[in-house]
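Give me a model of this one.
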Amino acid sequence: MSAAAGQVRVLEQVLTDRDRRGGDLTGMAHECFAGGYEVTRGPWALAAGSDFLTAGTTGDFPDEEFENLLRLVQLGTQIEHDPDAASLFVDLFTLRRPWSTLEESPWRERLAPVPADAGAN
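As a prediction, the model looks like this:
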């Protein structure tokens, strides 16, 4: 429901911006899809990431989303001693902040993804 509400906010913003500019509806779908993607990519990655932990799951999982899942795991290790990390962790799971926050400074640097094969011999 939260992701759907976020998509509605995107649609409302696109319509408001176009109304202010006196624009028509040409190309509006592209703008809505781009904004909708940002709203839904976090919940999708969390749900699909869990699916990919299940044996027998097939398909492609985007590399950038896998890296963000690794960042999220690292973030989870910091929440007990870092209030900013705890706040971001909650905000990501409650969709108050976009998934792309993990790709922005300072989080991108603080939560550099560890390769999946790290430590493997």
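
Quick check: pLDDT value at Arg97.
Note on Arg97: pLDDT of 93.

Let's verify it: helix, strand, or coil?
Three-state assignment for Arg97 (DSSP: H, G, I helix; E, B strand; the rest coil): coil.

Surely it touches Asp91?
Yes. Using CB atoms under 8 Å, Arg97 is in contact with Asp91, at 4.0 Å. No exception for glycine: its C-beta is placed from N, CA and C like everyone else's.

ok, those two, which is more surrounded?
Arg97 (16 against 13; other CB atoms under 10 Å).

quick one, what contacts the more buried one?
Leu88, Asp91 (CB atoms under 8 Å, 6 or more residues apart in numbering).

how close does it sit to Ala86?
13 Å (CB to CB, to the nearest Å).

and if you look at Arg20?
Distance, Arg20 to Ala86, by CB to CB: 38 Å.

do the same with Thr94
Where Ala86 is concerned, Thr94 sits at a distance of 12 Å (CB to CB).

for Ala5, same thing?
Ala5 is 24 Å from Ala86, by CB to CB.

elements contacting the helix or strand encompassing Glu64?
Element membership of Glu64 [criterion: DSSP states H and E] is helix 63-76. If contacts are counted by 3 or more CB pairs under 8 Å, 6 or more residues apart in numbering; DSSP states H and E, helix 63-76 sits against helix 28-52, helix 83-93, helix 107-110.
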